[in-house]
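J.: okay, sequence plus prediction incoming.
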Amino acid sequence: MKPDLSVQIGSIHLQNPVLAASGTFGYGEEVDLFDVNLLGGIVTKGLSPKPRMGNPPPRIVETGAGMLNTIGLENVGVEAFVREKLPRIGHLKAAIIANVFGGTVEDYVTVAQRLEGEKGIAALELNISCPNVHQGGMEFGNDPGLAAEVVRAVKRATRFPVIVKLSPNVTDVRLVAKAVEDAGADALSLINTIPGMAVDVYTRRPLLKNITGGLSGPAIKPIAIRMVWQVSKVVSIPIIGIGGIATARDALEFLIAGASAVQVGTANFYEPLTMPRILSGLEEFLHSQEIPSIRNLIGTLQV
Amino acid sequence: MQQSSKILWNTEASPNYYKIAFPYPENYPAIGSGQFFMVRVAEGSDPLLRRALAVYRVGGVDVFPELKGPGLSAVEFLYRAVGRGTGFLAKKREGDSLDWVGPLGNSYTLPKEGAHHYLVAGGTGLSSLYVLAKELIKIFPVSSVHLMVGGRSQKDILCLPDFEPLGIQISVTTEDGTKGARGRVTDVLESALRTVPSDSAHVYTAGPIPMMAKVASISKERKIACQVSLEGPMGCGFGICLGCSVEIFEKGERKYRLLCKHGPIFNSEEVYWGEA
């Protein structure tokens, strides 16, 4: 019998637990190397109230088993997303999750309000790793109080389930996780990139124009799994694991550690067929281990 | 498309410069002039990202006598082993597999008319001009196509025998005079452009940024259309990582455009050349 890969993230039903992470799959229509209907979901490029042109180049640099990026949240803006992008992806079997970010609480609310009621969207994902312009650049995701404030405001503005994407750039990720759960978040996704830096020793300049950037790729996987496990112990809402996932075995590690689904990010860049390969790998694993459903694995870590 | 193919050859064309090829059947997607492929140089996660290789030659036995048998065809790339990634690539041998995604990027725009076509190359920039030269001689007289190759020294002048059978004009310059005329390729272009009417000439260039910036400024002065092939680090090569942005002027407005998707070929007037 074919193993059952379907999972629930709160009220969202996913045909399988493999999603494309925000910023690594465009707006869901750019990649034509496989059938995107196979995916559990697609998280869109982060959307802001107005279009943004992003940061000056160089924007990326390769590092050991990873890469740094400082794209600068370049995006078409929520209006163009609703008019031009959503009609082309809203009909897919993969759940469309709109990623939302802002520099103020009002920015998040503005985007959520514009998306409200639009057909084809399954949920919102809030990127709270942004500096709050009213709080002297303090990241929303660094402060449990600020993070909760964003979640409460967005929950009032939308009927879509709200997933909050947590920053690893904190002393104790559990504090922010608890705060956003209490504020009404329907699910959590973690982790976002880890701040990093690389230097050209000949010019003595940073290799990124923006000096620092976010580290992603296999290098961050153990950190992400640790955080997923820690958070799963203190919240009761579902978790989506993110961080360096490139194989079915990576995805299984996250699921066993407590994630109900996973997002694949950087691997989409260097191995565009990563997600379909993970899906067949998960099926093979369940089949060979005689496990009927992927749900039987979630949070089953033996300690 | 993405596939893994057995390498046909990976040979040193000149110290540190390599030619690598794999089979490319005729029913695969057509490859335009200036396009590139992304290849994995190693398995596993270090180095993590694919490397971009500009297409050099494409064809069957007529282009590659090495191909054994009619009906076979291949695609070939010319690259310089400069860093860790291309170092790994240079170690690959005939019969090893190479995982690739391609063809990617846009192509040179072929003009509807023009009596003089100047192809100006430096270093591995030459690789993006072979297919272009072949496309041009299909629609224009072979004598109207002029390849100008420049380098510091003899060892930087690559693969001229590959171009000779095309029958186009070829000029070679080296800064130290060890091959061809002594001087800079941009000086050769400048004097050639002086002898022709602006509206009949087209310039196409690929190579180091300072050379292309000079070619662009010479062309602009004479109001001659110039297309350039830009290079730079890329994350994915197919437009989703947004890592390869370059600064472009569109109708006077500064914008970021993706090297991999909107490029690598741009009109020289759109390009911001910075301090070059």
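T.: On my side now, so go ahead. Numbers count the residues shown, from 1 in each chain, chains lettered A, B, ... in the order given.
J.: pick out the residue of chain B closest to chain A.
T.: residue B:243 (3.5 Å; Cβ to the nearest Cβ). All C-beta atoms are positioned from the backbone trio N, CA, C, and that covers glycine.
J.: that residue: how many residues sit nearby?
T.: For residue B:243, the neighbour count with other Cβ atoms under 10 Å in any protein chain shown is 27.
J.: does stretch B:247-264 reach chain A?
T.: Yes - for stretch B:247-264 and chain A, the contact criterion (Cβ under 8 Å from any Cβ of the partner chain) is met by B:247, B:255-256.
J.: residues touching that stretch, excluding its own?
T.: Applying Cβ atoms under 8 Å, 6 or more residues apart in numbering or on different chains, the contact partners of stretch B:247-264 are A:53-54, A:56-57, A:74, B:34, B:36, B:52, B:54, B:104-106, B:128, B:229-232, B:234, B:236-239, B:242, B:244-246, B:266, B:269-272, B:274.
J.: repeat that with 7 Å
T.: Around stretch B:247-264, the neighbours that count as contacts under Cβ atoms under 7 Å, 6 or more residues apart in numbering or on different chains are A:53-54, B:34, B:36, B:104-106, B:229-232, B:234, B:237-239, B:242, B:244-246, B:266, B:270-272.
J.: can you list the residues of the stretch 201-303 of chain A near chain B?
T.: Counting by Cβ under 7 Å from any Cβ of the partner chain, the residues of the stretch 201-303 of chain A close to chain B are A:217-218, A:246, A:268-270, A:272-273.
J.: selecting buried members of those residues in PyMOL, what would you type?
T.: Buried subset of those, written as a PyMOL selection, criterion 16 or more other Cβ atoms under 10 Å in any protein chain shown:
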select buried, chain A and resi 217+218+246+268+269+270+272
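J.: in helices only, show me the residues of the stretch 201-303 of chain A next to chain B.
T.: Residues of those located in helices (DSSP state H): A:268-270.
J.: quick one: which of the residues you listed is nearest chain B?
T.: residue A:269 (3.9 Å).
J.: so that closest one is in contact with residue B:241, correct?
T.: Yes - using Cβ atoms under 7 Å, residue A:269 is in contact with residue B:241, at 4.9 Å.
J.: report all helices and strands that the helix or strand where residue B:228 lies contacts.
T.: Taking DSSP states H and E as the definition, residue B:228 sits inside strand B:225-229. Applying 3 or more Cβ pairs under 7 Å, 6 or more residues apart in numbering or on different chains; DSSP states H and E, one finds that strand B:225-229 contacts strand B:201-206, helix B:209-221, strand B:265-267.
J.: how much space between residue A:64 and chain B?
T.: 6 Å (Cβ to the nearest Cβ, to the nearest Å).
J.: please tell me I have it right and that residue contacts residue A:217.
T.: No - using Cβ under 7 Å, residue A:64 makes no contact with residue A:217, being 9.0 Å away.
J.: look up the closest residue to residue A:293, ignoring the ones flanking it.
T.: If the residues on either side of it in the chain are set aside, residue A:293 comes closest to residue A:4, at 4.0 Å by Cβ to Cβ, 6 or more residues apart in numbering or on different chains.
J.: who's in contact with the one you found?
T.: Residues in contact with residue A:4 (Cβ under 7 Å, 6+ apart) are A:292-294.
J.: number of residues surrounding residue A:105?
T.: When neighbours are counted by other Cβ under 10 Å, residue A:105 comes out with 18.
J.: could you check how far the closest residue to it other than its chain neighbours is from chain B?
T.: Nearest non-adjacent residue to residue A:105, counting by Cβ to Cβ, 6+ apart: residue A:153, 5.0 Å away. Per Cβ to the nearest Cβ, residue A:153 is found 28 Å from chain B.
J.: now do residue A:153, the pLDDT please.
T.: Per-residue pLDDT puts residue A:153 at 98.
J.: now whichever strand or helix holds it: buried residues?
T.: Counting by DSSP H and E, the element that carries residue A:153 is helix A:144-157. Within helix A:144-157, the residues that count as buried by 16+ other Cβ under 10 Å are A:144, A:146-155, A:157.
J.: flag every residue of chain B that's near chain A.
T.: Counting by Cβ under 7 Å from any Cβ, chain B comes close to chain A at B:2, B:45-50, B:101, B:233, B:235-236, B:239-243, B:245-246, B:255-256.
J.: buried subset of the residues you listed?
T.: By neighbour count, with 16+ other Cβ under 10 Å, the residues of chain B next to chain A hold B:45, B:47-50, B:101, B:233, B:235-236, B:239-243, B:245-246, B:256 as buried.
J.: same question for stretch A:262-280, mean pLDDT?
T.: Stretch A:262-280 comes out at a mean pLDDT of 97.
J.: contacting residues around that stretch?
T.: By Cβ under 7 Å, 6+ apart, the surrounding residues in contact with stretch A:262-280 are A:16-21, A:24-25, A:31, A:33-34, A:38-39, A:43, A:67, A:189, A:216-217, A:240-242, A:245-248, A:251, A:254-255, B:2, B:48-50, B:101, B:235-236, B:240-241.
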